[in-house]
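Asks: Task: produce atomic coordinates for the following.
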Amino acid sequence: MAQRAPSDSDAPPPAGTDKPPARASLWDWLRLAALTLAIVVVLEFLELPAAILLGAMGAAIFVALRFRQLTMPRLPYMAAQALIGCMIAHALSLSVMLEVADQWPIFVFGVLSVLVASLILGWSLARMKTLPGTTAIWGSSPGAAQVMTLMSEDFGADIRLVAFMQYTRVIIVAGLAAVVARIWADLGDASHSASAWFAMPDPGGLAGTVGLVAATFVVHRLVRVPSLSFMFPMVAGAALLETGWLTLELPPLLLAAAYVSIGWTIGLRFDAKVLKHAARATPRILLAIVILVSLCGALSGVLVVLTGIDPLTAYLAMSPGGADTIAIITASAPANINVPFVMAMQMARFVAIMLTGPFTAQLISRWMDS
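Replies: Got it, this is the predicted structure:
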């Protein structure tokens with residue numbers, strides 16, 4: 001007898017309706033911090049870019065699965081996203097963005113090719129009855145994982161399976177991108193000296209950074225737009241830097257805290273309940289993620305041939321991970337990467353998915369059910 005495909009109505013109740021876990025203690029957070037430090041030391045020894053981000057992710061996953069479930073507070077995560085936005089703003093000068101705008105056919109190719117690949121994979125998962133149509137499409141969408149997960153619930157998808165697909169892809173993409181960057185990059189000047197880590201920041205620049213982060217919280221409170229805590233400081237910071245009205249200072253220790261916050265937030269999503277719920281579909285989900293990453297790698301090769309851009313820049317630009325994680329890896333990789341090109345491609349794809357995602361998911365879901 002054929003096995004019935006799961007439907008969106010089969011989804012378990014939202015996480016908020018479950019019995020809340022016991023309150024985490026200070027010891028739980030100290031254990032997570034100690035494990036993070038140990039993994040980061042190993043990854044730094046291997047000279048992997050974004051070692052802090054990857055170490056925090058790995059430690060958070062282990063703690064979430066092995067010990068008490070922790071929940072990252074929203075405030076530090078939003079502050080971390082704002083700091084990453086400030087970091088990207090340094091690279092997004094107006095002159096560079098105008099140059100990128102002149103290459104719009106390349107961006108159309110990059111955005112549409114990845115979107116089409118993800119839609120085909122989502123359709124395939126739904127067609128094989130691995131996942132319901134809406135869930136498969138939202139889970140396969142290569143946008144910001146948090147935004148795709150939150151939006152999916154509003155359109156009838158199983159938020160737990162979407163979260164599992166999205167964050168599993170982010171971790172795979174982040175790890176693979178860091179390895180690729182390590183292989184390609186010239187690591188001669190990669191390491192921070194002790195004096196650089198603890199150097200006294202410029203007070204004016206640090207005040208500008210804190211002010212922009214504070215403004216981000218105010219704007220986010222007034223305008224409820226997904227991923228605004230990441231996009232607002234990036235756009236506003238770039239504009240204010242270009243006009244000379246603002247200077248930004250990002251001390252290494254402050255950025256490290258932001259990397260840890262983002263890594264913990266992603267890793268702690270992987271609790272045993274989510275994995276158990278996704279167990280039946282896991283092999284095909286992993287296969288779909290591997291195929292999507294491979295297709296994006298092949299598309300980056302096409303981009304190199306068409307534009308002559310360096311392979312590492314093309315690979316990071318086409319990587320189907322979250323824009324914030326790719327930004328961290330891009331900034332951490334000590335190669336001569338075209339950061340504006342990478343981030344412009346990532347953000348263009350993110351905006352395209354935000355605009356077309358709901359319509360596409362509903363259209364394919366209706367077509368599958370008809």
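
Asks: Only C-alpha atoms from now on, for both contacts and neighbour counts.
Replies: Noted.

Asks: What helix or strand is Leu286 located in?
Replies: Element membership of Leu286, judged by DSSP states H and E, is helix 282-307.

Asks: next one: Trp138
Replies: Trp138 belongs to helix 133-140 when assigned by DSSP H and E.

Asks: repeat for Glu242
Replies: With DSSP H and E as criterion, Glu242 is part of helix 228-243.

Asks: what's the following helix or strand after that helix?
Replies: helix 252-267.

Asks: can you give me the offset of that following helix from its chain's centre?
Replies: Mean C-alpha position of helix 252-267 versus that of the full chain (C-alpha atoms, centre = their mean, to the nearest Å) differs by 12 Å.

Asks: Now do the same for the helix holding Trp138: mean pLDDT, whole number.
Replies: Averaging pLDDT along helix 133-140 gives 79.

Asks: next one: stretch 281-296
Replies: Across stretch 281-296, the per-residue pLDDT values average to 86.

Asks: Give me the distance from it to the chain's centre.
Replies: How far stretch 281-296 lies from its chain's middle: 17 Å, per C-alpha atoms, centre = their mean.

Asks: what's the answer for stretch 25-44, then?
Replies: 21 Å.

Asks: Show residues contacting it.
Replies: 51-52, 54-56, 58-60, 63, 68, 70 (C-alpha atoms under 8 Å, 6 or more residues apart in numbering).

Asks: how about the CA coordinates for that stretch, as PDB?
Replies: Written as PDB, here are the backbone C-alpha positions of stretch 25-44 (Å, rounded to 0.1, in the frame of the first residue of the first chain):
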ATOM      1  CA  SER A  25      21.100  28.100  34.000                       C
ATOM      2  CA  LEU A  26      24.300  30.100  33.900                       C
ATOM      3  CA  TRP A  27      26.100  26.800  33.800                       C
ATOM      4  CA  ASP A  28      24.400  25.800  30.500                       C
ATOM      5  CA  TRP A  29      25.600  29.000  28.900                       C
ATOM      6  CA  LEU A  30      29.100  28.700  30.300                       C
ATOM      7  CA  ARG A  31      29.300  25.100  29.000                       C
ATOM      8  CA  LEU A  32      28.300  26.300  25.500                       C
ATOM      9  CA  ALA A  33      30.900  29.100  25.700                       C
ATOM     10  CA  ALA A  34      33.700  26.700  26.800                       C
ATOM     11  CA  LEU A  35      32.800  24.300  24.000                       C
ATOM     12  CA  THR A  36      32.700  27.100  21.500                       C
ATOM     13  CA  LEU A  37      36.100  28.300  22.500                       C
ATOM     14  CA  ALA A  38      37.600  24.800  22.200                       C
ATOM     15  CA  ILE A  39      36.200  24.300  18.700                       C
ATOM     16  CA  VAL A  40      37.200  27.800  17.500                       C
ATOM     17  CA  VAL A  41      40.800  27.100  18.700                       C
ATOM     18  CA  VAL A  42      40.900  24.000  16.600                       C
ATOM     19  CA  LEU A  43      39.500  25.700  13.500                       C
ATOM     20  CA  GLU A  44      41.800  28.600  13.900                       C
END
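
Asks: quick one: average pLDDT of it?
Replies: Rounded mean pLDDT across stretch 25-44 is 91.

Asks: which residues in the stretch 1-150 of the chain form strands?
Replies: With strands called from DSSP state E, counting those that start in this stretch, the stretch 1-150 of the chain shows none.

Asks: where are the low-confidence patches of it?
Replies: For the stretch 1-150 of the chain, the stretches flagged by pLDDT under 70 are 1-24, 49, 68, 91-97, 99-100, 133, 143-147, 149-150.

Asks: With the stretch 151-300 of the chain instead?
Replies: For the stretch 151-300 of the chain, applying pLDDT under 70 flags the ranges 151-155, 159, 184-198, 226-227.

Asks: quick one on the thing from earlier: which secondary structure elements does the helix holding Leu286 sit against?
Replies: helix 104-127, helix 159-184, helix 311-318 (3 or more C-alpha pairs under 8 Å, 6 or more residues apart in numbering; DSSP states H and E).
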